[in-house]
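> Sharing a model that was predicted from the sequence below.
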Amino acid sequence: WIETHPNGFQANLYYPDDVSYFLVHKSTCRLPDRSHPATVAPRTGNQYAKLTADSIEELLTWGFGKGLKFGTERCRYCEVCKPELSSVDEAPLTADEAQFACSVLREVNRETMLRPVGDPCPKSIDASRVTHVRDPKVAAWVLRRARGACELCGGVRPPPHGDDRTYFDVHHLLRLCDGGADVTLNATAVCPNCHRRLHFGEDAYQLAAELLERVRMADAEMGEVSHRKGSSNG
C-alpha cells in the first residue's frame, strides 16, 4: 500500500486498535523499526498496528470513533515528516461535522496559514436537519486570532495539550441560516457560556453588534498570514 500511495498517510497505534498511542506520518516517512533497529523503513513491530488512508481526515475520523484524544505527547503528528503541512489545499468545504472538526484541527496546527477567502454564500444541505457547507480554514483562522481568550468575555481557557477546539466555539455573528457569510469577519471564537449567550441572551443582538467591531479590528491586526505560535517564522 505504501509503495502505491506515495501521497497517503499512516498512523502507528497499539495492536489491534488501541488509540492511546496514535502517531500520524506521511506514507513516505522513513522510520527505524524498533524490532529491527538496523533497518530504515516504514515497518511496524509486533505490538503495533499501522492504519493507512488517503487523507489525514480519514485517519483522525477513525481514531475519534475509537476515543482518540489527539494532541497529546503520544497522540500527535510526526515531528520529522510533519504530515499536517503536506498540502495547503487539503481542507475541502464540508457539511460533515466529523470531517470539519478534523480539518480545523489540522489547519490550526499549521506553522503558517494564509488568510482564507471563505464562502460569502455557503450552501445548505437538508439531511434530516439543515446543515451548511463550511470552510475549515475560516474556523482555524478565527481560533488563532483569539490567542487562547474568548473574544467576548476575554476569559482565558488554556488547553491542556495545545488544542483549542474543545474550549472555544466558532460562532457566526450573522447566522448562516439567516444568510450570513462563512468568512473571518463574520465569525468569532467564544467560550461555551458566551456562545449560549449569543444565541439565547436578551442582549444577544447588542453583543453581536459589539463583536463585529472587535472582530474587524482583531482581524486587521492579523494581517494576511498567520504563523503558528512558537514556530521559527514568528
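Arrived safely, thanks for sending. Quick caveat: nothing in here was measured; it's all calculated off a predicted structure.
> could you point out which element follows the longest strand along the chain?
Across the chain, the longest stretch assigned as strand under DSSP state E is strand 18-26. Downstream of strand 18-26, the next assigned helix or strand under DSSP states H and E is strand 48-53.
> I'd like the distance between A181 and G201.
To G201, A181 is 23 Å away according to CB to CB, to the nearest Å. Placement of C-beta: from N, CA and C, glycine included.
> Sorry, slip of the keys, the one I care about is C191.
13 Å.
> Between the two, tell me which one has more neighbours.
Using other CB atoms under 10 Å, the more surrounded residue of C191 and G201 is C191, with 21 against 13.
> just checking, that one touches G154?
No - using CB atoms under 8 Å, C191 is not in contact with G154; the gap is 9.6 Å.
> what's the lengthiest helix in the chain in contact with?
With DSSP state H setting the assignment, residue counts place helix 204-222 as the longest helix in the chain. Residues outside helix 204-222 that contact it (CB atoms under 8 Å, 6 or more residues apart in numbering) are 115, 141, 144-145, 151-152, 173-174, 184-188, 197-198, 201.
> what comes up buried for it?
Neighbour-count burial for helix 204-222 flags 207-208, 211, 215, 218-219 (criterion: 16 or more other CB atoms under 10 Å).
> how near is the residue nearest to the spatial centre of the chain to V183?
With distances taken as CA atoms, centre = their mean, the residue of the chain nearest its centroid is L105 (1.6 Å). Distance of L105 to V183, computed by CB to CB: 20 Å.
> Poorly predicted segments of the protein, please.
Counting by pLDDT under 70, the chain shows low-confidence ranges at 31-46, 85-92, 97-99, 101-102, 126-130, 157-167, 227-234.
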